[in-house]
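In: pasting a predicted model and its sequence here:
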Amino acid sequence: MKFINFISNLDKRWIYLILALCIIIPFLFPVGFPMKTTPPVKSIYDFIEDSIPEGGVVLIGADYDPSTMAELHPMAKVIAAHALSNNLRVLFVTLYPQGAGMAQDAIDNVLKEWNKSNPENQKQLGKDITLLAYVPGVSAVVLKMGEDITQTFNEDGYGNKLSELEVMKGIKNYNDINLMVELAGSSVVLTWLIYANGRYGLKMGIGTTAVSAAEYYSYLQSKQAIGMLGGLKGAAEYEHLLDKKNVYGGRKDASIGMDAQSSAHIFFIILIILGNIAYFVKKRKEGK
Amino acid sequence: MAIATNFWIWIAALLTLAIYSFLYKDNPFYKFAEYLLVGISIGYGISVYWHNTIITKVYNPLVYDKNFLVLIPLLLGLLMFSRFFKNVSYLSRIPIAFVVGAGTGLSVPSSFEFLFKQVYATMPLKLDFGSLIIVVGVISTLVYFFFSLEHKGFVGRVSRVGITFIMVAFGAAFGYTIMARVSLFIGRIQFLLSDWLGIIK
């Protein structure tokens, strides 16, 4: 009973401290827990790898901000790197003001790492990759892109006229986009699914935070999305797949966090078991 | 090990620690970081809206392209501010009516089509265990939320199956939520250990 009382009255700051240690220690001493690639992640990877011809276009929706950056930013970087490795063009788009900063950081990082790893196949901003300027309107923007992308944005996120950019050559609307991967932790994913996929038939993949992942599985079942990256684990799986190609030397932000993720989950499982034992034992005692 | 020399990384690291200090107890460092975040977010948002909307979509077309059609949405937008003046506040209903009308017109047909795809996906195209789970899960969950019949007898038994499916969904969502929250913490720890302290690569 002493132990049960101890568990029930434990100051939660001790739990925070142990959780912090569960996360910090695996970074310092990596264990290398095994990781399995799941079909929703593999189907996005396979689509970019096998179904898009050279020079094709991948549109990445960066509809997130620093609060969900830990999960979604690695996805943005690894998908962009994968597309560049197949000589595809990459366009970033955002429906949120904060998303512009996230997308620019992802582009800078991917270009820097790509050009460092592949000096013989250098990629350039404006030629291989760019960010479409932020325009407010959310669903109106998504709909207008279905008619004319250049008219919707006028310029890229760096102030250049879209009509003058090489990366935009031959791109008028969704018919010229091979795949759109929407990265968001909010319901903006539905806006893309309803208007871009539903109305214009744009092929879509989803990259979302783990909180929202369960909600979006139904869109895989209905084939409204071809695949999904759920949380840090989804990003780590994608990094693992791209790693096999050995073309990109950038830091694998998601993969190096997976040991910490696993150890934190073990800690949570122990807490849930202990919490339940304490609850039922106390309930039994009180009933007597 | 190479500690960051970049001033902004130090600022980001100290603000991260200030926010996490709340886990010990509320304190002025946490409050400072919290207010700073709110202020900067709003300031950033205003500056982006100013450049990407007022300048790009209104000022440039009007001044350089002489596109006077822009005056119509500009006027509608300005009418929203009439809410601040009691005697003309009714004028704000015009842009609101426009937004509601256009928004509904755009979303209703697409949303129905979107919903039908979801309904279609619950219909079994082949007889296997997965399809059976989906059909039983959808029907029993809908029965649980059907309140016109008392949940007794057959309806009660089906709704109990429904609540089991709902609980499984809650469990999956909770598990994913833990994973998400831990991931956010991992992101910050990774930043502190790598970008700031240089302990890990």
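Out: Looks like it arrived, so ask away. Values in this document were obtained by computation on a predicted structure and should not be read as measured data.

In: hang on, residue A:83 packs against residue A:90?
Out: Yes. The pair residue A:83 / residue A:90 is scored as a contact, 4.9 Å apart, by CB atoms under 8 Å. All C-beta atoms are positioned from the backbone trio N, CA, C, and that covers glycine.

In: show me the contacts for whatever residue of chain B ends up closest to chain A.
Out: Relative to chain A, the nearest point of chain B is residue B:187 (2.3 Å; CB to the nearest CB). Residue B:187 sits next to A:69-71, A:232, A:253, A:257 when contact means CB atoms under 8 Å, 6 or more residues apart in numbering or on different chains.

In: could you do residue B:193 as well?
Out: So residue B:193 contacts A:24, A:27-28, B:199-200 (CB under 8 Å, 6+ apart).

In: filter these to the buried ones?
Out: A:24, A:27, B:200 (16 or more other CB atoms under 10 Å in any protein chain shown).

In: please flag which of those residues sit within helices.
Out: Judged by DSSP state H, helices contain the following of the buried ones among the contacts of residue B:193: A:24, A:27.

In: any chance of the buried ones among the contacts of residue B:193 in CSV, plus pLDDT and distance to residue B:172?
Out: Formatted as CSV, those follow (pLDDT from 0 to 100; distance: CB to CB, whole Å):
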residue, pLDDT, distance to residue B:172
A:24, 95, 28
A:27, 92, 28
B:200, 85, 32
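
In: could you export the buried ones among the contacts of residue B:193 as JSON lines, including distance to residue A:124?
Out: Below are these laid out as JSON lines (distance: CB to CB, whole Å):
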{"residue": "A:24", "distance to residue A:124": "39"}
{"residue": "A:27", "distance to residue A:124": "34"}
{"residue": "B:200", "distance to residue A:124": "31"}
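
In: now the residue of chain B closest to chain A: which helix or strand?
Out: For residue B:187, the host element (DSSP states H and E) is helix B:153-190.

In: residues contacting stretch A:34-43, please?
Out: By CB under 8 Å, 6+ apart, stretch A:34-43 touches A:205, A:217, A:220, A:226-230, A:234, A:236-238, A:240-241, A:255, A:258.

In: what bits of chain B have low per-residue confidence?
Out: When residues are selected by pLDDT under 70, those of chain B lie in B:1.

In: hmm, back to that, now render the contacts of residue B:193 as JSON lines, adding distance to residue A:197.
Out: Below are the contacts of residue B:193 laid out as JSON lines (distance: CB to CB, whole Å):
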{"residue": "A:24", "distance to residue A:197": "41"}
{"residue": "A:27", "distance to residue A:197": "38"}
{"residue": "A:28", "distance to residue A:197": "44"}
{"residue": "B:199", "distance to residue A:197": "44"}
{"residue": "B:200", "distance to residue A:197": "39"}
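
In: which one among those gets closest to residue A:195?
Out: Minimum distance to residue A:195 across these is 41.2 Å, recorded for residue A:27 (CB to CB).

In: tell me, how many residues neighbour residue A:233?
Out: Close neighbours of residue A:233, defined as other CB atoms under 10 Å in any protein chain shown, add up to 24.

In: cheers, nothing more for now.
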